[in-house]
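**Q** no sequence on this one, just coordinates:
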C-alpha cells in the first residue's frame, strides 16, 4: 500500500463512523481553542496594561505619603506628611524634572438641579493638565490665580458633564460639590479609565479650595496632598531622578530612619504588570493544554476500540499480503487525522473567541500566528503519540488468529 491509498482508506473509515469521530475530536477542539484563546487574551491583557500605564505616562514618578507597603482604608486616612511645598521644591531643585502636579483627592456627590452624581474630585494646580496628559474639549483649565485666590471653579470630565447637563453647554453654570457652589469653567476631552479610575466621571478644582472648603484637610506642615505626580524629561533619567527626589524629600522631612513617603516608578510598574500578566497567561495556557492531553487519551481509547472491532479486517488484509508496517501506518494516519481535524476546528473556535473578547471587552486580544501553528502542530503530535499504541497492537495481530476470532 502506498501513502495515498492509506490516506484514502483512513478517510473512508473515519467518515463511515461520523458520530464516533466527531465525539473523539471534541477533546482536541477544546484543547486547541483554549490554548489559542488563552494566549490571545493574555496578549490582549498585556496590551491593556501597557495602555493603562501609557495613559499616565511611562516617564512619571508618583509620590504618596506614608511608608512603603502600608495599607490604608481610604485617602482620608493617609498621613499628612506630603505637602504642596514638597512638589515646588522638587520642580525647582531636581534638574531632570519637567513638571510636578500636586493632588488632593476625594470622592464626593456632585449636584446640579435635581441630579446627583458620585464623582472623584481632584484638588490640584495648573500643571495637572500637562503632567497627567489631559486635553480640554471646552473652556479653560485652572490658573495660578484660581489657586491663590481659592476660586470656586471646576473643570468637569466629559462623562460627568453629560450626566449633569445632558447635551447642554455647562460652561458658566453653577454646580454644588459637598454643598459648595462651584462655577464650571471647562470640560475635559475623554480620557477613559485607568487602573479602575474613571477620569471621565471626575472633576478638578483648585487645590486650596479643595482643602479649605470641601475636605477640610489641614496639616501642621502646610497644604497636605494625597500624591505628587512628577514628569521626567527623559525616560533614561528615571532612576537618577527617583534617587534625587527621594534624597530631597528625606532632607526636607528630616528623615533619619524610615521614609514617610513612597516613590513609584511608572516604568517599573509597567514591567511588573507585564511580568504578572505574562505569568498568568503561561499558567492559563498550561492549564488549557491539559485538554490536549485529555483529547489524546480519548483518541487512544477510541483507536483501541476500533482495533477490537476491526480484527477481522486486519486479519484479512494481512492474509492477502499487508505488512505490519502497512497496518501500523493505517492506524497512525487515522489518529493523526482525528487530532489534526480537531486542531483545525479548535483553531477556528479559538480565533472566534478572541474576536468576541476583542469586541465585547476592553482587551485588545490578538491573534498570534505562532500560537495557532504551535497549537495545531502539538495536537497533531499528540494524535501521533497516542495513536502509536493501538496502531502497534493492530500491526502485531496474527492474521490466522484474527480471522478465527472474527
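**A** Yes, it's here. Note that the structure is a prediction, hence the values are computed from the model and not measured.
**Q** For the stretch 201-350 of the chain, which segments count as strands?
**A** 202-206, 227-232, 261-265 (DSSP state E, counting those that start in this stretch).
**Q** Mind checking those strands for the one nearest to residue 88?
**A** In terms of C-beta to C-beta, the element of the strands of the stretch 201-350 of the chain nearest to residue 88 is strand 227-232, at 10.1 Å. Heads up, the C-betas are built off the backbone N, CA and C, glycines and all.
**Q** So what's the gap between the closest one and the chain middle?
**A** Distance, stretch centre to chain centre, for strand 227-232: 25 Å (C-alpha atoms, centre = their mean, to the nearest Å).
**Q** Ok, stretch 193-207 next?
**A** Here stretch 193-207 shows a centroid-to-chain-centroid distance of 21 Å under the convention C-alpha atoms, centre = their mean.
**Q** returning to that earlier point: would you tell me which one of the strands of the stretch 201-350 of the chain is buried the most?
**A** strand 202-206 (a mean of 26; mean count of other C-beta atoms under 10 Å).
**Q** Residue 153 is in contact with residue 181, correct?
**A** No - between residue 181 and residue 153 there is no contact, the gap being 10.5 Å when judged by C-beta atoms under 8 Å.
**Q** Of the two, which one has the most company?
**A** A direct count of neighbours by other C-beta atoms under 10 Å for residue 181 and residue 153 places residue 153 higher, at 21 against 12.
**Q** which intervals of the stretch 51-200 of the chain have sub-threshold pLDDT?
**A** Scanning the stretch 51-200 of the chain for pLDDT under 70 picks out 51-58, 67-80, 195-196.
**Q** switch to 90 and redo it
**A** Within the stretch 51-200 of the chain, the set of residues satisfying pLDDT under 90 comprises 51-62, 64-83, 96, 113-114, 130-134, 166-167, 178-179, 190-199.
**Q** all strands for it, in order.
**A** Using DSSP E, counting those that start in this stretch, strands in the stretch 51-200 of the chain cover 60-65, 97-112, 115-124, 136-139, 153-156, 174-177, 180-188, 193-194, 197-198.
**Q** can you put those in JSON lines and add distance to residue 340?
**A** JSON lines is the format used below for those (distance: least, C-beta to C-beta, whole Å):
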{"stretch": "strand 60-65", "distance to residue 340": "50"}
{"stretch": "strand 97-112", "distance to residue 340": "56"}
{"stretch": "strand 115-124", "distance to residue 340": "53"}
{"stretch": "strand 136-139", "distance to residue 340": "54"}
{"stretch": "strand 153-156", "distance to residue 340": "58"}
{"stretch": "strand 174-177", "distance to residue 340": "64"}
{"stretch": "strand 180-188", "distance to residue 340": "54"}
{"stretch": "strand 193-194", "distance to residue 340": "43"}
{"stretch": "strand 197-198", "distance to residue 340": "47"}
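**Q** closest one to residue 233 among these?
**A** strand 97-112 (4.7 Å).
**Q** Pull out the buried positions in that closest one.
**A** Across strand 97-112, burial judged by 16 or more other C-beta atoms under 10 Å covers 97-106, 108, 110-112.
**Q** Ok, stretch 349-364 next?
**A** So for stretch 349-364, counting by 16+ other C-beta under 10 Å, buried means 349-351, 353-354, 357-358, 363-364.
**Q** Which one of those residues is nearest to residue 326?
**A** Nearest to residue 326 among the buried residues of stretch 349-364, counting by C-beta to C-beta, is residue 349 at 34.9 Å.
**Q** circling back: take the buried residues of strand 97-112 and write them to JSON lines, including distance to residue 204.
**A** Converted to JSON lines, these look like this (distance: C-beta to C-beta, whole Å):
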{"residue": "97", "distance to residue 204": "22"}
{"residue": "98", "distance to residue 204": "20"}
{"residue": "99", "distance to residue 204": "16"}
{"residue": "100", "distance to residue 204": "16"}
{"residue": "101", "distance to residue 204": "11"}
{"residue": "102", "distance to residue 204": "12"}
{"residue": "103", "distance to residue 204": "9"}
{"residue": "104", "distance to residue 204": "11"}
{"residue": "105", "distance to residue 204": "10"}
{"residue": "106", "distance to residue 204": "12"}
{"residue": "108", "distance to residue 204": "12"}
{"residue": "110", "distance to residue 204": "12"}
{"residue": "111", "distance to residue 204": "17"}
{"residue": "112", "distance to residue 204": "16"}
